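Trainee: Here's my sequence, what's the structure:
(2 chains)
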2 protein chains.
Amino acid sequence: MKTIPELLELIENEIAELDLPEVPANLYEPIRYILEKGGKRLRPLLVLSTFSMFDDDVEKALKPAVGLEVFHNFTLLHDDIMDKADLRRNRPTVHKKWNENIAILSGDAAMIIAYDLISEAEDKYLRDVIKLFNKTSLEVCEGQQYDMDFETRKDVTEEEYMEMIRLKTSVLIAAAMKLGAILGGANHREAEKLYEAGINFGLAFQLQDDYLDTFGDVKVFGKKTGKDILEEKKTYLLINAYLNASDEIRNRMDKIFADKQMPDDDKVNAIRDIFVLLGIDKMILKEIEKYYQKGREILMSVDGDSKMRDQLVIFFDALKNRNK
Amino acid sequence: MKTIPELLELIENEIAELDLPEVPANLYEPIRYILEKGGKRLRPLLVLSTFSMFDDDVEKALKPAVGLEVFHNFTLLHDDIMDKADLRRNRPTVHKKWNENIAILSGDAAMIIAYDLISEAEDKYLRDVIKLFNKTSLEVCEGQQYDMDFETRKDVTEEEYMEMIRLKTSVLIAAAMKLGAILGGANHREAEKLYEAGINFGLAFQLQDDYLDTFGDVKVFGKKTGKDILEEKKTYLLINAYLNASDEIRNRMDKIFADKQMPDDDKVNAIRDIFVLLGIDKMILKEIEKYYQKGREILMSVDGDSKMRDQLVIFFDALKNRNK
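Mentor: Below you'll find the predicted structure:
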């Protein structure tokens, strides 16, 4: 059985050796660019890890695993256009470095390449794998659409927010864990458990992202904190702050958000202080812990190689305690 | 065996009954909108027609056939953003009716739905079908990329242009004809023949489009002619005009294109007159005839139900003689 760092190396090598055509350069260069080192490779790593709980020959799962990474990067490519993001992993986004048309089209091509890699599954698993991927990809699009819809809505509930991040983030993490199980020949029950564990880890993972965006140590986090606040993004934090605030504090928040003169840093600090005052920071940490524990519990109940399972638990613990 | 109008009706019904989710509305409404009546349904019709040369139970091929139509409409959705087109089939394009972000994302979702429908192929054909579709979709993206690359190039050759339209248009028509054969249980040789026939029909089809854009009767054509000329698009016509023109005529063309004062209609007329003077109109009609004949010849050599084959030949003849 391989260790997680060994699996990561396999993934990096496979991505580096991806056999993309040379021309047209404007179609394939952006895909090479966004796939270069820098990502966490979380999704392919999860595929190979859960696969290893049932089968040792990870080569069999390598191409579909990388397919999920390519799919994830396709979503980043298109999301960055929609969010008008200039930077991704400290480098210009594709639509900035090239242009929007190239980002749209190379994103489309990346999605097809993802399908092509995923189709490298063995015959006996092909239909299940394609079905899982179709369902998951469509849900990820739904999540992105809800995320955009929420921008212009004032009344987003916590329930709606959690459903949005389930679709936008969790289902792909869950699908990665289930994909490894399917390819490893696990039975339906264990595969479903891994999917459920993935949903919970995914929710914890996204809530941790939200927490770090507001409360992360800027020196460690590596990027500016407070972006969600400045965009008045209806995250778990903001939704619960409004829900728990007195009329007076709610008015104060409205005024801060409406104040066009207030410098960005002051605005972030003021809202962050209110979150702390209301105990929302503790509330979200508790929620993160809850989902991690749930995911961990389900993962521990899976009937597979226990050494690999333990590695995965340690990996998720580190992910939970990450500060960037 | 069904007639072509009967197959068309089956396709329209299947599209009308497509079971798309209701929410998020901004994701699925644009897909319903672009799939509404108005298209030629050429690709699914080809799937069902070639299928019928080998098998009578067209129900087996219906969902994959519609998958190709959904894929074709995905390309229209994204191409219209890239081309900044305001109208499609006399209605506002999706990015005009909604917005660009919605057009990008609903296009992505449409591609996934296309994959989902195509995956409804029987188990024994699934891998071949997915492989054919992956290859074809990627080629269509390559064709669109070349088309965009050519906008800023002056030295596009006829050979490059023909390769571009092969990728952008022909391979999907060829894949439709091959897909029907695969799903109908045809042997590899007949399936390849149908693919080759499709390549030739596709080239003829696109050259006919180019011809009509410049020489179509505006009353019959239903849209303004001369768009390609005004965009100085390097079509078969323009490339060959430059190739066959004397220095004097070449200079005259350069001046016409550079003249910012000249009214659009005058410009179109002037360039069209030069095409006629150089005999380029006759040249492209000969080329169209050549590809149609080639396609027809290959189609006639396919070993399948001859009644269906004859219907298909008549259908392609009508397509060749279309004036809109």
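
Trainee: And the nearest residue to A:Leu46 once chain neighbours are set aside, how close does it get to chain B?
Mentor: Distances taken as Cβ to Cβ, 6 or more residues apart in numbering or on different chains place A:Ala176 nearest to A:Leu46, at 4.0 Å, with adjacent residues excluded. In this view, the C-beta of every residue, glycine as well, is placed from N, C-alpha and C. In this view, A:Ala176 and chain B are 17 Å apart by Cβ to the nearest Cβ, to the nearest Å.

Trainee: Look at A:Ala176 and tell me its secondary structure.
Mentor: helix (DSSP: H, G, I helix; E, B strand; the rest coil).

Trainee: Please report the number of neighbouring residues for A:Ala16.
Mentor: 11 (other Cβ atoms under 10 Å in any protein chain shown).

Trainee: Ok, A:Ser306 next?
Mentor: A:Ser306 has 11 nearby residues by other Cβ under 10 Å.

Trainee: repeat for A:Ile112
Mentor: Neighbour tally, A:Ile112, other Cβ under 10 Å: 22.

Trainee: so it sits right up against B:Asn134, yeah?
Mentor: Yes: using Cβ atoms under 8 Å, A:Ile112 is in contact with B:Asn134, at 5.9 Å.

Trainee: low-confidence ranges in the stretch 101-250 of chain A?
Mentor: Low-confidence segments of the stretch 101-250 of chain A (pLDDT under 70): A:221-222.

Trainee: in it, which spans are helices?
Mentor: Taking DSSP state H, counting those that start in this stretch to define them, one finds helices in the stretch 101-250 of chain A at A:123-151, A:158-165, A:171-183, A:188-215, A:218-221, A:227-230, A:236-244, A:247-258.

Trainee: Comparing the ones you listed, which stretch has the densest surroundings?
Mentor: helix A:171-183 (a mean of 28; mean count of other Cβ atoms under 10 Å in any protein chain shown).

Trainee: near chain B, which residues of the stretch 51-200 of chain A?
Mentor: A:78, A:81-82, A:101-102, A:104-105, A:107-109, A:111-113, A:115-116, A:119, A:123, A:126-127, A:130-131, A:134, A:137-138, A:141-142, A:144-146, A:148-149 (Cβ under 8 Å from any Cβ of the partner chain).

Trainee: ok, the residue nearest the centre of chain A - contacts?
Mentor: In chain A, the centroid-proximal residue (Cα atoms, centre = their mean) is A:Thr169; its distance is 4.4 Å. Applying Cβ atoms under 8 Å, 6 or more residues apart in numbering or on different chains to A:Thr169 gives the contacts A:Gly143, A:Gly202, A:Leu203, A:Phe205, A:Gln206.

Trainee: And it, how far from chain B?
Mentor: From A:Thr169 to chain B the distance is 16 Å (Cβ to the nearest Cβ).

Trainee: Same question for A:Ile284.
Mentor: 25 Å.

Trainee: so which helix or strand takes in that residue?
Mentor: helix A:280-300 (DSSP states H and E).

Trainee: can you name the farthest residue from the center of chain A?
Mentor: The centre of chain A is farthest from one residue, A:Glu248, which by Cα atoms, centre = their mean lies 36.0 Å away.

Trainee: How about the contacts made by that residue?
Mentor: Taking Cβ under 8 Å, 6+ apart as the test, A:Glu248 contacts no residue whatsoever.

Trainee: same thing with the one 4 residues further on?
Mentor: Residues in contact with A:Arg252 (Cβ under 8 Å, 6+ apart) are A:Ile274.

Trainee: switch to 10 Å and redo it
Mentor: A:Ala245, A:Ser246, A:Ala270, A:Ile271, A:Ile274 (Cβ atoms under 10 Å, 6 or more residues apart in numbering or on different chains).

Trainee: How about A:Asn323?
Mentor: A:Asn323 neighbours (Cβ under 10 Å, 6+ apart): A:Gln208, A:Tyr211, A:Leu212, A:Phe215, A:Gly216, A:Asp217, A:Lys219, A:Val220, A:Phe221, A:Gly222.

Trainee: rerun that using 7 Å as the cut-off
Mentor: By Cβ atoms under 7 Å, 6 or more residues apart in numbering or on different chains, A:Asn323 lies in contact with A:Leu212, A:Gly216, A:Asp217, A:Val220, A:Phe221.

Trainee: now it: how far from A:Phe315?
Mentor: Look at A:Asn323 and A:Phe315: by Cβ to Cβ, to the nearest Å, they are 16 Å apart.

Trainee: C-terminal to the helix or strand harbouring A:Ile15, what's the next element?
Mentor: Using DSSP H and E, A:Ile15 maps to helix A:4-16. For helix A:4-16, the following helix or strand on the C-terminal side (DSSP H and E) is helix A:25-35.

Trainee: Can you show me the CA trace of that next one as PDB?
Mentor: Extracted in PDB, the C-alpha atoms of helix A:25-35 (Å, rounded to 0.1, in the frame of the first residue of the first chain):
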ATOM      1  CA  ALA A  25      -2.100  26.300 -29.000                       C
ATOM      2  CA  ASN A  26      -4.700  28.800 -27.800                       C
ATOM      3  CA  LEU A  27      -7.000  25.900 -26.900                       C
ATOM      4  CA  TYR A  28      -4.500  23.600 -25.100                       C
ATOM      5  CA  GLU A  29      -1.900  26.000 -23.600                       C
ATOM      6  CA  PRO A  30      -4.500  27.400 -21.100                       C
ATOM      7  CA  ILE A  31      -5.300  23.900 -20.000                       C
ATOM      8  CA  ARG A  32      -1.600  23.100 -19.400                       C
ATOM      9  CA  TYR A  33      -1.200  26.400 -17.600                       C
ATOM     10  CA  ILE A  34      -4.100  25.900 -15.100                       C
ATOM     11  CA  LEU A  35      -3.000  22.300 -14.500                       C
END
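
Trainee: Kind regards, and thank you for your time.
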